[in-house]
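Peer 1: sharing a model that was predicted from the sequence below.
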Amino acid sequence: MINLVRAQWFRLMRNRAFWGLLAVFAGVVLVASLQVTERGLYEEAYRNIPLLAQHSPAAMVSMTMDVEAVMGEFWTPQLLALIIALLSAGFFGDDFRFRGTRLLAAGPHFRAAYVISALCIVLLSAMIFLAAAMAATWAGLLPNPGLGVWVDGGRFGRWALELMIIAATYALVVLAVVAATGRTGWGALVAVLLSGGVASTALLSISWALGCEEVLRPLIAAMPAAQLGQLSIEGVTPGAFDILPLLGWLAAAAGLCWAVLRRRAL
């Protein structure tokens, strides 16, 4: 399995779409963070940052670079999850473009290894994109002399862990769709729907129509889409009870991939 992960990793590093999306993503985050700097300089206030007019020009206002600061405000979590899911559709779609795939011809044991390697590649990709978002945010905020930028490791770590789990869950679901249909387009469509929270919104509407919203509310709140929305709310820091249910969704997505590959005609 290690050789498979290594082969997929080298293949990803040679993928132009990966680097192109990474550059576009970092550019969007940089522009968004520069807007924060501009507001801080000209409007002298921004969200949870104290009024800069109350400080001398040389004063430093400390700011934690997490959801309360910049990335959550400009929907960076949703954008990252969407891009990782689209990458999953495009990157793994080549393996299932035809009726059979050479990667799965080795037998059932290789299918489980393929799912695990796909999960590893997705998590590594999410980490790279998140690191690029951090660097772009940092670079965009540093020009403001009234802001001191620093990172609360524990708080940001929980936020990043939850985001990567959600992105990996979406990517594996998209992989299952691509493997079942053999079409990258269907996977891309599912990626957009998942990142837009269509499933949780539809379930919420059904619960209202049936009058059972109190029964389904815990399930809806534990869905990845709901947790993804929480990452963009100021003052919300994920805890263990937010992250643990997402591991169940991730395991379910991995099981779905394995089941689809197991029944796929070779």
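Peer 2: Alright, I've got the coordinates.
Peer 1: and stretch 243-256, what's buried?
Peer 2: 245-246, 249-250, 253-254, 256 (16 or more other CB atoms under 10 Å). Just so you know, the C-beta spots here come from the backbone N, C-alpha and C atoms, and that holds for glycine as well.
Peer 1: among those residues, name the ones in helices.
Peer 2: In this view, the buried residues of stretch 243-256 that belong to helices under DSSP state H are 245-246, 249-250, 253-254, 256.
Peer 1: pipe those residues into CSV and attach pLDDT per row.
Peer 2: Below are those laid out as CSV (pLDDT from 0 to 100):
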residue, pLDDT
245, 87
246, 90
249, 91
250, 93
253, 93
254, 92
256, 92
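Peer 1: picking that back up, nearest to residue 178 among the buried residues of stretch 243-256?
Peer 2: For the buried residues of stretch 243-256, the residue nearest residue 178 by CB to CB is residue 256; the value is 12.1 Å.
Peer 1: I'd say residue 132 and residue 25 touch.
Peer 2: Yes - using CB atoms under 8 Å, residue 132 is in contact with residue 25, at 6.5 Å.
Peer 1: and those two? Which one has more around it.
Peer 2: Legend: neighbour count by other CB atoms under 10 Å for residue 132 and residue 25, higher for residue 25 (21 against 18).
Peer 1: in a helix, that's where the more buried one is, yeah?
Peer 2: Yes - read with DSSP: H, G, I helix; E, B strand; the rest coil, residue 25 is one of the residues of a helix.
Peer 1: that one and residue 160, how far apart?
Peer 2: Remark: distance between residue 25 and residue 160 (CB to CB, to the nearest Å) = 15 Å.
Peer 1: tell me the contacts of residue 247?
Peer 2: residue 165 (CB atoms under 8 Å, 6 or more residues apart in numbering).
Peer 1: spatially central residue in this structure, please.
Peer 2: With distances taken as CA atoms, centre = their mean, residue 81 lies nearest the centre of the chain, 2.8 Å away.
Peer 1: which residues touch it?
Peer 2: Each residue near residue 81 by CB under 8 Å, 6+ apart is listed here: 163, 166-167, 170, 194-195, 228.
Peer 1: and for residue 257?
Peer 2: So residue 257 contacts 115, 118, 172, 175-176, 179 (CB under 8 Å, 6+ apart).
Peer 1: now do residue 199
Peer 2: So residue 199 contacts 193, 223, 225 (CB under 8 Å, 6+ apart).
Peer 1: from those residues, pick the one nearest residue 21.
Peer 2: Taking CB to CB as the measure, residue 21 sits nearest to residue 193 out of these, at 18.9 Å.
Peer 1: which one is that closest one nearest to, not counting chain neighbours?
Peer 2: In this structure, residue 193 finds its nearest non-sequential neighbour in residue 199, 7.2 Å apart by CB to CB, 6 or more residues apart in numbering.
Peer 1: in which helix or strand does that neighbour reside?
Peer 2: Counting by DSSP states H and E, the element that carries residue 199 is helix 198-210.
Peer 1: do the same with residue 7
Peer 2: Secondary structure (DSSP H and E) places residue 7 in helix 2-13.
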